[in-house]
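Trainee: Pasting the sequence and the predicted model now:
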Amino acid sequence: MNRPQFMADSFPSHRGPPQLLVLLADGRLRSATWLAQQLGVSRAVVSKGIEGLRTLGLEVQTVPRRGYRLSRGVELLDAQRIGAQLGASRKARTRTLEVLFEVDSTNTRLLAAAPPPRGSADICLSELQNAGRGRQGRRWISPFGAAVALSLSWTFSDGTRLPALSLAVGVAVWRALVRAGAKGVTLKWPNDIWYRDRKLGGVLIEVRAEPGGPAHVVVGVGVNVDLPPAARTEIEAAGTVVAAVADACASPPSRNVIAGAILDELLSMLGQFEREGFAAFRDAWTALDALHGRAARVMLAGTAIAGTARGVDQEGALLLETADRVQRFVSGEASLRVNEDAV
């Protein structure tokens, strides 16, 4: 197998993070004169570059007669640091690992490319996504430097087991977050990562397949790492109560460590999932089920069905106990919510 290619470029401009951003990333105050000297440009060009960063959504503070600084320092994604988290066998399965600065969507980028050969993966991460997506087409808000957004492209020999894949991905993400020091993280059917009943992250799986043939699968994972108050307010205004990995850790987590750990666990999980299916992950998922035994309601075609969540079956379908029976729901047709009105 070819050695993995670790790339750091951007889309569509084929530049990495602006060098001005790299100089400001640590959050320290930098004078316009110093920045101009480091970049080999005029102070006027520096000023224009600062405005360019602001148009990307970065909060750059101006301190009169002293210079510029980011409102909060950021750890920029780095392909080599991410790749260092991969074990030898997982590195061998990585055909490409690409770190972009800006992209429409990491999932879209990989779906548009040719699928990788069986047993190997193409991986894409980006600092900024202009059209990041969640489940059912919802917008995924990923504040700059505060989250990890990644996608992994994989080829399955067939797609018959794929409906339960998002649950196995959830187990892999949980294992990665534990490696990064998080405690108390749980899972919510079918694709949410939770902390204390708040959404910490999510999974989006998209498939391109021919009947009876191989399936090209792109696994997208978005995880909040350390959300500033303003970002929490923006996300919760859209109706989602959120959490971040930092909430579950005793010390500040590293974005590169989290990204690398997630990829390492995904690459380990995918091979096992293809060999053994969801059966290999069902017990682990059940132990992490945030809603097991709790009052919940399933939203199906605009109708709410209330009951008690009873875990999942062998295919990963949700089991909901209602007044007269236990009903079964698959992830493509239904969504699950806590029934907060229940006594």
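Mentor: Arrived safely. Keep in mind that this is a model prediction, so the values were computed, not measured.
Trainee: what bits of the stretch 101-250 of the chain have low per-residue confidence?
Mentor: For the stretch 101-250 of the chain, the stretches with pLDDT under 70 are 131-142.
Trainee: all strands for it, in order.
Mentor: 121-129, 147-156, 185-188, 192-195, 198-209, 215-224 (DSSP state E, counting those that start in this stretch).
Trainee: Minimum distance to Val63: which of those strands has it?
Mentor: Between Val63 and the strands of the stretch 101-250 of the chain, the shortest gap by Cβ to Cβ is with strand 121-129, which sits at 24.7 Å. Where C-beta positions appear, they are placed from N, C-alpha and C, glycine not excepted.
Trainee: Kindly export the closest one (C-alpha atoms) in PDB.
Mentor: Extracted C-alpha coordinates of strand 121-129, given in PDB (Å, rounded to 0.1, in the frame of the first residue of the first chain):
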ATOM      1  CA  ALA A 121      -9.300   6.000   3.500                       C
ATOM      2  CA  ASP A 122      -9.200   9.600   2.200                       C
ATOM      3  CA  ILE A 123      -9.500  12.200   5.000                       C
ATOM      4  CA  CYS A 124     -10.400  15.900   4.900                       C
ATOM      5  CA  LEU A 125     -10.400  18.500   7.600                       C
ATOM      6  CA  SER A 126     -11.000  22.200   7.300                       C
ATOM      7  CA  GLU A 127     -10.700  25.300   9.500                       C
ATOM      8  CA  LEU A 128     -13.700  26.900   7.800                       C
ATOM      9  CA  GLN A 129     -16.800  25.400   6.200                       C
END
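Trainee: Partner strands of it, with direction?
Mentor: Applying DSSP bridges, strand 121-129 is found paired with strand 94-103 (parallel), strand 147-156 (antiparallel).
Trainee: Identify, out of those, the most deeply packed stretch.
Mentor: strand 147-156 (a mean of 24; mean count of other Cβ atoms under 10 Å).
Trainee: got the CA positions of that one in PDB?
Mentor: Presented in PDB, the C-alpha positions along strand 147-156 are these (Å, rounded to 0.1, in the frame of the first residue of the first chain):
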ATOM      1  CA  ALA A 147     -14.400  22.900  16.900                       C
ATOM      2  CA  VAL A 148     -13.200  20.000  14.800                       C
ATOM      3  CA  ALA A 149     -14.900  19.200  11.500                       C
ATOM      4  CA  LEU A 150     -13.700  16.200   9.500                       C
ATOM      5  CA  SER A 151     -14.800  13.700   6.900                       C
ATOM      6  CA  LEU A 152     -13.500  10.300   6.100                       C
ATOM      7  CA  SER A 153     -14.100   8.500   2.800                       C
ATOM      8  CA  TRP A 154     -14.300   4.700   2.800                       C
ATOM      9  CA  THR A 155     -15.400   1.900   0.400                       C
ATOM     10  CA  PHE A 156     -17.600  -1.000   1.700                       C
END
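Trainee: Could you name the residue of this protein that is farthest from its center?
Mentor: For the chain, the largest distance from the centre (Cα atoms, centre = their mean) belongs to Arg65, which lies 39.8 Å off.
Trainee: In three-state terms, label that one for me.
Mentor: Taken by DSSP: H, G, I helix; E, B strand; the rest coil, the conformation at Arg65 corresponds to coil.
Trainee: Would you convert the strands paired with strand 121-129 into JSON lines that also reports distance to Pro117?
Mentor: Compiled in JSON lines, the strands paired with strand 121-129 are given as follows (distance: least, Cβ to Cβ, whole Å):
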{"stretch": "strand 94-103", "distance to Pro117": "8"}
{"stretch": "strand 147-156", "distance to Pro117": "7"}
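Trainee: Of these, which is nearest Ser166?
Mentor: Nearest of those (Cβ to Cβ): strand 147-156, 13.1 Å.
Trainee: picking that back up, please identify which of the strands paired with strand 121-129 is closest to Val178.
Mentor: That would be, of the strands paired with strand 121-129 and by Cβ to Cβ, strand 147-156, which comes in at 15.5 Å.
Trainee: So what angle separates the directions of the closest one and strand 198-209?
Mentor: Going by axes from the mean of the first three to the mean of the last three Cα atoms, to 10 degrees, strand 147-156 is angled at 30 degrees with respect to strand 198-209.
Trainee: Three-state assignment for Gly332, please.
Mentor: Three-state call for Gly332 (three-state DSSP): coil.
Trainee: got the phi/psi numbers for it?
Mentor: phi -70, psi -20 (degrees, to the nearest 10).
Trainee: Could you list the buried residues of stretch 159-172?
Mentor: For stretch 159-172, the neighbour count (16 or more other Cβ atoms under 10 Å) marks 159, 161-172 as buried.
Trainee: Next, the distance between the ends of it.
Mentor: Using Cα to Cα, to the nearest Å, the end-to-end distance of stretch 159-172 comes to 20 Å.
Trainee: repeat for stretch 101-114
Mentor: 22 Å.
Trainee: ok, Leu58 - contacts?
Mentor: By Cβ atoms under 8 Å, 6 or more residues apart in numbering, the residues touching Leu58 are Leu21, Leu70, Phe144.
Trainee: ok, back up a step: what's the most distant pair in the buried residues of stretch 159-172?
Mentor: Gly159 and Val171 (19.8 Å).
Trainee: Mark which of the buried residues of stretch 159-172 are part of helices, please.
Mentor: Mapping the buried residues of stretch 159-172 onto helices (DSSP state H) picks out Leu165, Ser166, Leu167, Ala168, Val169, Gly170, Val171, Ala172.
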